[in-house]
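In: Can you look at this prediction? I've put the sequence above it.
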Amino acid sequence: MASSIENNNEKLTLKSSDGEEFLVEKHVALQSTLLQNMLDSDCSSADVIPLPKIDARTLALVLGYCKKHADASSSKQGELNSFDSEFLKDMDMGALFNLVLAANFMEIKGLLDIAAQKIADTIKDKPHQEVREIFHVENDYTPEEEAAVREENRWAFEGFP
Amino acid sequence: MEKSLEVTAMEEEEENHPIKKLERYREDDCHCDPFRKLPDEVLGLILLRLSDPESLLRCSLVSKHFALFRSQSFSLRLRASHLIPWHLLPPHQYPNPFDTLPPPHLIPRHLLPPQFPNPFNTLPPPPPPPLLELSMFDAFFNATRLLGLTKLVSRFTSLRSLHIQLSCECPQLPFAPNYRFSWDFKVGHDKPNTFAILSKTSINNKIDEVGGEPEHSWLDENYLNWQTTCSVRYANSIYPLLLLLVPQHPHIDSVEIMDSEKHGKVSLQGEQLIKLKNNMSKWMPPPPNILEPRRNSDLVPGYFFTVWCVPELRLPRSGLVMKGVTLGVGAENMFPSNVDDGTTKGLANDFGDGVFGEALAEILTNYYVTGRKINLRLSSRKP
């Protein structure tokens, strides 16, 4: 028991791509399978773990998520769910994509799931013009090509409401 | 001085290197499609959550890159609304079982409509089972819709899993919502071209408490009629769907079909699915040109379907009692009830040892003649 408390108090330093350092409690870092594997295989003997793909803003968000999930007991599932839905609520698309990439890199399954769900929900039930605007996607179809795709989809939707 | 100029020039050259430029473009330009930055596995996760065909197809109008999602999507969910709702069925092609009052076995035989042959008159030796050649298929699956569905699914070229939801709605049911059609559907293991759908009103383990003759009310009889109708309808939705969709998608390794209330579920995976596919490819026509309009019945090979009804079924091995049981067995070549007894009863072993298998064996052993209700041939094409 004593050793687990001791372990909980251990801290790690993570370094973002833009050089900012974050001091993280070990039990929070364990939310990330990547960090967990590093700790298990004792690769973390270095003082600072660099995360070259993740900028400071994104890393702060990721660690906020990890802290909440590491601290909450399993009985507070409802509270965690509402935290999750609030967490991504007003996030802009750029931040969301950075977050999904970070969650994938750091192997944080829960965060990856909610971020992927959020992106999917954003596409769902929207007309294609709106999707273009939201994700800043350039329409690279010529009018003829677009008409052809439209035609293709028309028959695919035949008989559907 | 000279040295530093050289370095700058080198840096400049490096910066202009096409790959560097491309990287910079990808990282810096915020007008670049952010989906391009995603590794395949992350894009896969997002598409898995999208998995409804309308959204995915709408994506292909966004840009050329988005159009690729269709072929990168591994999973598709088809909602109940993709299949024809019950109330759109033309009533003259598929009669309401409650139009015939009193229940069929009380009606003098000469007054019975041909759709409802009196099951209690078929005592041994059993006459050849009455054959119904209704255009059931056309009634259940509106041609446009079925073609639309097949075409729609054919657009997704890398499908690995398919989830299909069937509608539970049945406005013709007069005693809803207490009675619901609950079912279980299995495809044969050794003979994948046979399938069985079993439904029941209730199941409980009070085998010792239930004594005497099973109660048999007018309501029960009508309920069984309705269940028969539903059995036929479900079998006739599920099996053609499997036939049409599975062979066209070589990578599919999981198919799930369930009703919208999640009462029943068909789940096909692994070896059973491979067998089914191999078996289908033997007698499916060469990949149909799905753009070419065809008659519905051309799309699906003919199959034969026999329905048994048992008001109360006791299962001694598992100690269970099922009420209001209907069993529908379908086979590729001939009526399951036409085959000699041994073969049909041997079928039961093909559907596993569980409660489903036991119920099937019990019906085929003890109610083979008395419980038989109706024979149907679905689809007009000669198998």
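Out: Everything's here; your move.
In: so where is the stretch 151-300 of chain B shaky, pLDDT-wise?
Out: B:167-181, B:206-223, B:226, B:233, B:236, B:240, B:260-261, B:279-300 (pLDDT under 70).
In: All the helices of it, in order from the start?
Out: Secondary structure of the stretch 151-300 of chain B by DSSP state H, counting those that start in this stretch: the helices cover B:218-245, B:270-283, B:296-299.
In: which parts of chain A sit against chain B?
Out: Within reach of chain B by CB under 8 Å from any CB of the partner chain, chain A has these residues: A:93-94, A:97, A:100-101, A:104, A:112-113, A:116-117, A:119-121, A:123-128, A:131-132, A:135-141, A:146, A:149-150, A:152-153, A:155-161. For the C-beta atoms, the positions are set from N, CA and C on the backbone; glycine is no exception.
In: what do you get if the cut-off is 7 Å, keeping everything else the same?
Out: Contacts of chain A with chain B, taken as CB under 7 Å from any CB of the partner chain, map to A:93-94, A:97, A:100-101, A:104, A:112, A:116-117, A:119-120, A:123-125, A:128, A:131-132, A:135-141, A:146, A:149-150, A:153, A:155-156, A:158-161.
In: Can you go through those residues and name the buried ones?
Out: Buried members of the residues of chain A next to chain B, counted by 16 or more other CB atoms under 10 Å in any protein chain shown: A:97, A:100-101, A:104, A:112, A:116-117, A:119-120, A:123-124, A:128, A:131-132, A:135, A:137, A:141, A:149, A:153, A:156, A:159.
In: okay, and for chain A, where does confidence drop off?
Out: Scanning chain A for pLDDT under 70 picks out A:1-9, A:42-46, A:73-75, A:155-161.
In: Walking through it, point out its strands one by one.
Out: A:11-15, A:21-25, A:48-50 (DSSP state E).
In: Can I get those in a markdown table including mean neighbour count?
Out: What follows is the strands of chain A, written out as a markdown table (neighbours: other CB atoms under 10 Å in any protein chain shown):
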| stretch | mean neighbour count |
| --- | --- |
| strand A:11-15 | 17 |
| strand A:21-25 | 17 |
| strand A:48-50 | 15 |
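In: Turn the ones you listed into JSON lines, columns for distance to B:I46.
Out: Shown next, in JSON lines, are those (distance: least, CB to CB, whole Å):
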{"stretch": "strand A:11-15", "distance to B:I46": "26"}
{"stretch": "strand A:21-25", "distance to B:I46": "27"}
{"stretch": "strand A:48-50", "distance to B:I46": "28"}
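In: Minimum distance to B:E362: which of those strands has it?
Out: Closest to B:E362 of the strands of chain A, according to CB to CB: strand A:21-25, at 61.7 Å.
In: That closest one packs against which elements?
Out: Contact analysis of strand A:21-25 by 3 or more CB pairs under 7 Å, 6 or more residues apart in numbering or on different chains; DSSP states H and E lists strand A:11-15, helix A:56-71 as its packing neighbours.
In: Comparing these, which stretch has the densest surroundings?
Out: Highest mean neighbour count among the helices and strands packed on strand A:21-25 (mean count of other CB atoms under 10 Å in any protein chain shown): helix A:56-71, with a mean of 19.
In: how far off strand A:11-15 does that helix point, in degrees?
Out: 150 degrees (axes from the mean of the first three to the mean of the last three CA atoms, to 10 degrees).
In: Check the offset of helix A:56-71 from the chain's centre.
Out: In terms of CA atoms, centre = their mean, to the nearest Å, the centre of helix A:56-71 is found 10 Å from the chain centre.
In: who are the neighbours of it, in terms of helices and strands?
Out: strand A:21-25, helix A:26-29, helix A:77-87, helix A:93-106, helix A:109-123.
In: Give me the distance between the residue lying closest to B:L245 once chain neighbours are set aside and B:L68.
Out: Leaving out its chain neighbours, the residue that sits closest to B:L245 by CB to CB, 6 or more residues apart in numbering or on different chains is B:V153, at 5.5 Å. Separation of B:V153 from B:L68 (CB to CB, to the nearest Å) stands at 18 Å.
In: Could you check which of those two is surrounded by more residues?
Out: Applying other CB atoms under 10 Å in any protein chain shown to B:V153 and B:L68 shows that B:V153 carries more neighbours, namely 22 against 14.
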